[in-house]
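Participant: here's a sequence, model it:
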Amino acid sequence: MDLSTTPPDFNPFADPPATEAGPLSGSQQDTAAGRRTSFLVWSLVLTLLAMIVICLLVRLAGLQTRLSALRAETQQARLHADDLQVKLFQLNKAQEKRDRFNAALHQAEGLWIVSAIYGSGTHFADVSARVNELLHETNAQFYAHPDSLGTDPTPGWNKTLVIIYELQGERHLFTTGEGGQVSSAALREVGTP
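Facilitator: Numbers count the residues shown, from 1 in each chain. Purely as a prediction, here's the structure:
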């Protein structure tokens, strides 16, 4: 049977037509069975492709939902980060106000730490803020030691604490070796003529 001459109403599942010549020969029956098999294979392939497309569309919809959720979470995180930045800015401003207040208070008391360094040789650490903090506590006194000053620029070596300060408008220098006692009273004593 020639495929190019197949009639348009051909049904591969129908029984082969009877001919005047008698029943179909073996090769004609094989051709008809082959067409049925080919049609079934293509039907299965198209069904599988449709199922794959449906699965992909479902997966894509799930991914779009997750993407939307991630965008919402990202936006929420950005808002939270912005809120934290505002709070940090407010804390920094409060710290600046506190520092200005402390500076004014210390100047009113007549004792102001200009700078303080701690170390030996060529290795010194700036401990101005820590010394200022320690000296302005009530009845404050401390010892020039890494534990008190929070740093040890030359571990295992004897260190020196050098404080430059102003007392009632005049600049003075105070030095002490490691373990030496430091107090507001001692600085006032050195600065008094």
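Participant: any idea which helix is longest in the chain?
Facilitator: helix 26-109 (DSSP state H).
Participant: packing partners for the following helix or strand past that helix?
Facilitator: For helix 26-109, the succeeding helix or strand toward the C-terminus, using DSSP states H and E, is strand 111-120. For strand 111-120, the elements it packs on are helix 26-109, strand 123-126, helix 128-135, strand 160-167, helix 184-191, judged by 3 or more Cβ pairs under 8 Å, 6 or more residues apart in numbering; DSSP states H and E. C-beta: built from backbone N, CA, C; applies to glycine.
Participant: I'd like these as a markdown table, with distance to residue 146 and mean neighbour count appended.
Facilitator: Putting these into a markdown table (distance: least, Cβ to Cβ, whole Å; neighbours: other Cβ atoms under 10 Å) gives the following:
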| stretch | distance to residue 146 | mean neighbour count |
| --- | --- | --- |
| helix 26-109 | 24 | 11 |
| strand 123-126 | 10 | 16 |
| helix 128-135 | 11 | 19 |
| strand 160-167 | 11 | 19 |
| helix 184-191 | 20 | 15 |
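Participant: and those as a markdown table, adding mean pLDDT and distance to residue 177?
Facilitator: Output for these, formatted as a markdown table (pLDDT from 0 to 100; distance: least, Cβ to Cβ, whole Å):
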| stretch | mean pLDDT | distance to residue 177 |
| --- | --- | --- |
| helix 26-109 | 84 | 25 |
| strand 123-126 | 93 | 14 |
| helix 128-135 | 88 | 15 |
| strand 160-167 | 92 | 6 |
| helix 184-191 | 78 | 14 |
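Participant: now distance to residue 153 too, for those, in JSON lines please.
Facilitator: Converted to JSON lines, the helices and strands packed on strand 111-120 look like this (distance: least, Cβ to Cβ, whole Å):
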{"stretch": "helix 26-109", "distance to residue 153": "24"}
{"stretch": "strand 123-126", "distance to residue 153": "4"}
{"stretch": "helix 128-135", "distance to residue 153": "13"}
{"stretch": "strand 160-167", "distance to residue 153": "11"}
{"stretch": "helix 184-191", "distance to residue 153": "22"}
